[in-house]
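Asker: prediction below, plus the sequence it came from.
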Amino acid sequence: MDVKAKWYKLDDQKPIVQLITSFVFIVVFGTVIYYLFAFAGSFLFGTTVSEIIGVNEIKIDETHEGILKYNQFAQEIAMFVIPGLILATIFKKGNESYLKINSFPETNLIILVVLLALAMIPVSLYTGILNSKMVFPERLAWAEEWIRSKEDTASSLTSLFIQSSGRWELLLNIIIMALLPSLAEEIIFRGVLQRIFCGLFRSFHVGIWVTAVIFSAIHLQFYGFIPRLILGLCFGYLFYWSGNLWLPVTAHFINNLVPVLMAYTLGWDQLNEKTSEISGVRLAVPLASLFICFIILYHFRSEFNKKISINRESAPWEKKKKSI
């Protein structure tokens, strides 16, 4: 009984053990759950399991829109949400929530985070345009061709997903493209992996940066790597300084929600034209937005430092030092 309890108490294990265990758990357990979703989907859509799994690569068209959206839903739930929640249960220590979701943030903090997410949009758009202009050396032409093909696939998938013909389809798109990814990805990347990396490298800065790099790379969109890296850093520091996962989830949700709503209002083609016009905007606009982001994050950092200071002053050993 003691051996079993010790095995499942991952919070007492070394960070490298936590990382390996989490990685194996996410990959193995997540894959099994995903295949169960694919098996159920084959009955739901009257097709084969292999077609459900490979639909993203071979059939990005309107006739397979339902299967594509189901597949996206299945991947988020199977690879992120369920493994993340189970890992959080294994890591849990006492009554404290490992994912830091036991209390909902105050309204003023939610407003700040919404402003933060909105301010990040011009920064993401501008850095995304700069990122897309990167050219590979001639000897790496094969890599650039592969990356371009991945970008085209992702673009086609986004185009199919984001267009809404009615309110119910818009609601479905909000759930699949904004709500579910923000919750699922923040549970795994900030809630689980970032905390492990901070312990592994014994530095919250390194932990946040490593997590942000993985977060951006896993999307397999090289020409969107820099803006996603910046977003990952923003979400990472926000989680670390606030101590509440709902705040980066909210920021992530707003970041994903805005293009969905704009595509519904303007249309996908018109939205692309508006986005391309960002390259002609003066650098002062994204710099001003970035400054606003720094101000908001600095507020969370200041509040975090205040809490640390108060905890130190109220600690028994601190009182003992003062009495001496």
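Answerer: Right, received. Where do you want to start? For clarity, every value in this text was computed on a predicted model and none was experimentally measured.
Asker: from here on, contacts and neighbour counts on C-alpha atoms
Answerer: OK.
Asker: does Val192 touch Ile90 like I think?
Answerer: No: with contacts defined as Cα atoms under 8 Å, Val192 does not count as touching Ile90, sitting 11.1 Å away.
Asker: neighbour-wise, which of these two wins?
Answerer: Residue environment comparison for Val192 versus Ile90 gives the larger neighbour count to Val192, 22 against 15, counting by other Cα atoms under 10 Å.
Asker: pLDDT below threshold where in the stretch 101-250 of the chain?
Answerer: The model of the stretch 101-250 of the chain has pLDDT under 70 over residues 140, 142-144, 146, 150, 152-161, 164-165.
Asker: which residue lies nearest the spatial centre of the protein?
Answerer: Central residue check for the chain by Cα atoms, centre = their mean: the C-alpha nearest the mean position is that of Glu185, 3.9 Å away.
Asker: next SSE downstream of the one helix or strand that residue maps to?
Answerer: Under the criterion DSSP states H and E, the helix or strand holding Glu185 is helix 180-186. Elements were assigned by DSSP H and E; along the chain past helix 180-186, the next helix or strand is helix 195-201.
Asker: tell me the buried residues in that following helix?
Answerer: Burial within helix 195-201, assessed by neighbour count using 16 or more other Cα atoms under 10 Å, is assigned to Arg195, Ile196, Phe197, Cys198, Gly199, Leu200.
Asker: what's the closest residue to the first one other than its chain neighbours in contact with, if anything?
Answerer: Excluding its sequence neighbours, the residue lying closest to Arg195 (Cα to Cα, 6 or more residues apart in numbering) is Gly207, at 7.3 Å. Each residue near Gly207 by Cα atoms under 8 Å, 6 or more residues apart in numbering is listed here: Gln194, Arg195, Ile196, Phe197, Cys198, Gly199, Leu200, Phe201.
Asker: how about the nearest residue to the last one, chain neighbours excluded?
Answerer: Ranked by Cα to Cα, 6+ apart and with sequence neighbours excluded, the top spatial neighbour of Phe201 is Gly207, at 6.5 Å.
Asker: where does the one you found land in three-state SS?
Answerer: Taking DSSP: H, G, I helix; E, B strand; the rest coil as the rule, one finds Gly207 in the helix state.
Asker: from Phe235, how far off is it?
Answerer: With distances taken as Cα to Cα, to the nearest Å, Gly207 is found 13 Å from Phe235.
Asker: repeat for Ile174
Answerer: For Ile174, the distance to Phe235 (Cα to Cα) stands at 20 Å.
Asker: so which of the two has more stuff around it?
Answerer: Set side by side, Ile174 and Phe235 show more neighbours around Phe235, with 26 against 21, by other Cα under 10 Å.
Asker: the helices in the stretch 151-300 of the chain, which residues?
Answerer: Along the stretch 151-300 of the chain, counting by DSSP state H, counting those that start in this stretch, helices occupy 167-174, 180-186, 195-201, 204-217, 225-242, 246-266, 268-276, 284-314.
Asker: elements contacting the longest one?
Answerer: With contacts defined as 3 or more Cα pairs under 8 Å, 6 or more residues apart in numbering; DSSP states H and E, the packing partners of helix 284-314 are helix 107-132, helix 225-242.
Asker: for it, buried residues please.
Answerer: Counting neighbours by 16+ other Cα under 10 Å, one finds that the buried residues in helix 284-314 are Pro286, Ser289, Leu290, Ile292, Cys293, Ile296, Leu297, Phe300, Arg301.
Asker: check Lys6 and give its pLDDT.
Answerer: Lys6 carries a pLDDT value of 47.
Asker: let me redo that: Val260
Answerer: Per-residue confidence (pLDDT) for Val260: 87.
Asker: equivalent analysis for the one 3 residues further on, please.
Answerer: At Ala263, the predicted lDDT confidence score is 80.
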